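Sequence first, then the predicted structure, then my questions.
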Amino acid sequence: PISKEIVDSLFAQFGESDITRLSIREVGKLVAQIEQESGEEFIHMEMGVPGLEPSRIGVKAEHEALDMGLARIYPNIEGIPFAKTEISRFAKLFMDIDVSPACCIPTVGGMQGSFAALLAMGRSNPEKPYTLFIDPGFPVNKSQLNLCGLPFKSFDILNFRGEKLRTKLESYLQEGNICTITYSSPNNPSWISLSEKELQIIAELADRYDAVVVEDLAYFGMDFRHNYGHPGVAPYQPTVARYTENYILLLSASKIFSYAGQRIGMMIISEKLRTKHYPALKKYFSSDVLGHFIPYGVLYATTAGTSHSAQYALAAMLKAANDGEINFTESLHPYGEKARAMKEIFLKHGFYIVYNDEDGDLADGFYFTVAYPDMTSAELMKAFLYYGISAISLAITGSENPNGLRACVSFVRPEQIPELDKRLKAFVAELKK
């Protein structure tokens with residue numbers, strides 16, 4: 001094990017007694033300091049960063065865009081036509097939904113998309129200012145609302161799968177102050193995927209209570225139990241957009257094309273919402289039309305558009321997928337293979353998976369959640385550091401389970417998996433002394 005004195009003294013410098021309160025980036029910083037001080041390489045499971053090479057199609061297209069001199073030209077706030085057209089095609093070919101290019105807006109990563117969507121809806125009606133999070137989820141989305149001074153509510157889906165979700169959701173919506181329902185599927189951090197039945201329930205209640213669903217599809221097509229990589233052929237990526245018009249979808253090139261560094265994502269707004277008037281928006285902008293407010297009221301005021309060259313990369317990658325030249329999901333299978341191997345090791349040593357899917361075992365993919373009997377997440381997270389293993393607590397994701405950690409597989413190299421086995425064996429042996 002790594003020296004307890006090194007770990008404890010470096011953690012103390014963060015001025016926080018509860019290790020579960022550290023953000024993902026703070027955990028990364030702490031682990032880097034421990035590595036430097038101890039000389040021991042960690043098995044990194046804390047950061048959700050792509051561990052694969054970026055799409056060469058995107059790199060080539062972006063290079064060509066820069067060679068054309070586009071770096072000197074401001075991009076259109078609503079996105080370049082090439083990107084908007086390919087996003088529209090992608091929506092039809094891989095989700096089986098019909099949206100016009102006008103409804104498709106490139107954003108500076110999925111993060112800007114969520115910021116714009118949550119801010120716009122939070123300002124849309126002063127009597128309905130609350131966003132409802134179906135947790136666990138990405139903690140920074142709540143930070144975005146805190147920055148905007150907007151309130152939110154949340155609940156943990158762990159014990160409310162299937163039909164139980166209806167009763168739980170409606171208990172919040174009946175209060176009459178919810179503007180937005182938001183979640184991710186496949187889910188960060190738990191990797192659960194909402195079923196078609198659950199998506200129908202969310203859509204039905206969103207329509208009944210006039211709420212907008214902001215669906216985060218950052219891990220699009222990455223439930224490897226199904227092959228979502230063939231354009232225009234079922235099965236299609238599950239989405240609430242097939243059951244309601246009250247939706248805003250958020251997608252990203254970060255994971256599906258391993259293009260995280262260029263911060264390029266996309267927002268798809270339903271035609272109904274794009275043209276809908278929200279009089280309360282006039283307090284913040286000259287137009288109360290949502291489809292005008294988001295690009296010209298929010299995106300313009302934050303980044304004045306999305307990187308010109310990155311939009312060309314996005315469009316080229318989407319076009320290759322749309323034309324059937326690549327199966328973008330196949331290149332992501334190493335994540336599933338590593339998850340399967342890592343979960344087997346954890347289970348072998350007496351750990352258990354916190355979140356499973358409604359219909360049984362969890363898919364193998366980018367994340368999974370893990371806990372050890374009779375240990376809180378704080379105890380497990382801290383103890384792992386002594387054995388050169390890093391993960392984040394589920395506490396910061398809105399999970400109500402006090403015992404779990406999120407494990408991300410992307411940074412774990414295949415040759416480190418036997419080392420993970422060795423370290424977990426030593427960890428359990430020490431516990432049983």
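Here it is on my side, so go on. Nothing here was measured: the structure is a model prediction, and the numbers come from that model. Residues are numbered from 1 along each chain as shown.

May I have stretch 372-380 exported as CSV, CA atoms only?
Extracted C-alpha coordinates of stretch 372-380, given in CSV (Å, rounded to 0.1, in the frame of the first residue of the first chain):
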residue,chain,number,x,y,z
TYR,A,372,-18.1,-3.2,-0.5
PRO,A,373,-20.2,-4.6,2.3
ASP,A,374,-20.3,-2.6,5.5
MET,A,375,-18.2,0.3,4.0
THR,A,376,-19.5,3.8,3.3
SER,A,377,-18.4,5.5,0.1
ALA,A,378,-16.2,7.8,2.1
GLU,A,379,-14.4,4.8,3.7
LEU,A,380,-14.0,2.9,0.5
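
ranges for the helices of the stretch 201-350 of the chain?
253-256, 271-274, 290-292, 300-302, 308-322, 333-348 (DSSP state H, counting those that start in this stretch).

so can I have CSV of those helices showing mean pLDDT, mean neighbour count and distance to Met95?
Every residue, glycine included, has its C-beta placed from N, CA and C. Output for the helices of the stretch 201-350 of the chain, formatted as CSV (pLDDT from 0 to 100; neighbours: other Cβ atoms under 10 Å; distance: least, Cβ to Cβ, whole Å):
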stretch, mean pLDDT, mean neighbour count, distance to Met95
helix 253-256, 95, 26, 13
helix 271-274, 98, 17, 15
helix 290-292, 97, 20, 19
helix 300-302, 95, 13, 27
helix 308-322, 98, 25, 12
helix 333-348, 96, 17, 21
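
Out of the ones you listed, which is closest to Tyr209?
Judged by Cβ to Cβ, the one of these that comes nearest to Tyr209 is helix 271-274, at 15.3 Å.

what helices or strands is that closest one leaning on?
helix 290-292 (3 or more Cβ pairs under 8 Å, 6 or more residues apart in numbering; DSSP states H and E).

which strands and helices sit next to the helix it packs on?
Under the contact definition 3+ Cβ pairs under 8 Å, 6+ apart, helix 290-292 sits against helix 271-274.

Pro238: which of the helices of the stretch 201-350 of the chain is closest?
Nearest of the helices of the stretch 201-350 of the chain (Cβ to Cβ): helix 253-256, 15.2 Å.

Residues in contact with the closest one: which ones?
Counting by Cβ atoms under 8 Å, 6 or more residues apart in numbering, helix 253-256 makes contact with 50, 55, 58, 109-110, 218-222, 259-260, 262, 264-266, 313-314, 317, 328-329, 332, 366, all of which sit outside it.

can you check stretch 123-132 too?
By Cβ under 8 Å, 6+ apart, stretch 123-132 touches 118, 121-122, 145, 150-155, 169, 172-173, 176-182, 211, 214, 278, 280-281, 283-284, 290.

swap in stretch 193-201?
Defining contact as Cβ under 8 Å, 6+ apart, one finds that stretch 193-201 is touched by 161-163, 165-166, 169, 183, 185-187, 202, 223, 238-240, 242-243, 357-359, 363.

give me that answer again for 6 Å
The contact list for stretch 193-201 (Cβ atoms under 6 Å, 6 or more residues apart in numbering) reads 165-166, 185-186, 223, 238, 240, 243, 358.

One more: stretch 418-432?
Here stretch 418-432 has contacts from 43, 345, 349, 387, 389, using Cβ under 6 Å, 6+ apart.

And stretch 161-168, by the same measure?
Under Cβ under 6 Å, 6+ apart, the answer for stretch 161-168 is 160, 198, 201, 358.

so who does Met349 touch?
Check again: residue 349 is His, not Met. Counted by Cβ under 6 Å, 6+ apart, His349 has contacts 424, 428.

If we use 8 Å, what do you get?
With Cβ under 8 Å, 6+ apart, His349 has these contacts: 421, 424-425, 427-428.

Same check on Leu147?
Applying Cβ under 8 Å, 6+ apart, no residues contact Leu147.

now it, what's its secondary structure?
Three-state call for Leu147 (DSSP: H, G, I helix; E, B strand; the rest coil): helix.

What is the neighbour count of Met45?
26 (other Cβ atoms under 10 Å).

my guess is it meets Cys408, correct?
Yes: using Cβ atoms under 8 Å, Met45 is in contact with Cys408, at 5.3 Å.

Give me the nearest residue to Pro231, chain neighbours excluded.
Leu93 (3.9 Å; Cβ to Cβ, 6 or more residues apart in numbering).

rewinding a little: now render the contacts of stretch 161-168 as JSON lines, adding neighbour count, pLDDT and secondary structure.
Formatted as JSON lines, the contacts of stretch 161-168 follow (neighbours: other Cβ atoms under 10 Å; pLDDT from 0 to 100; DSSP: H, G, I helix; E, B strand; the rest coil):
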{"residue": "Phe160", "neighbour count": "16", "pLDDT": "95", "secondary structure": "coil"}
{"residue": "Glu198", "neighbour count": "26", "pLDDT": "97", "secondary structure": "helix"}
{"residue": "Ile201", "neighbour count": "23", "pLDDT": "98", "secondary structure": "helix"}
{"residue": "Glu358", "neighbour count": "15", "pLDDT": "77", "secondary structure": "coil"}
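
Let's have these in CSV, adding distance to Arg72.
Listed next are these as CSV, based on distance: Cβ to Cβ, whole Å:
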residue, distance to Arg72
Phe160, 52
Glu198, 48
Ile201, 50
Glu358, 52
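
which one of those residues sits closest to Phe133?
Of these, the one sitting nearest to Phe133 (Cβ to Cβ) turns out to be Phe160, at 13.0 Å.

Give me the pLDDT for Val108.
Val108 carries a pLDDT score of 97 in this model.

That one - how many residues pack around it?
Neighbours of Val108 (other Cβ under 10 Å): 20.
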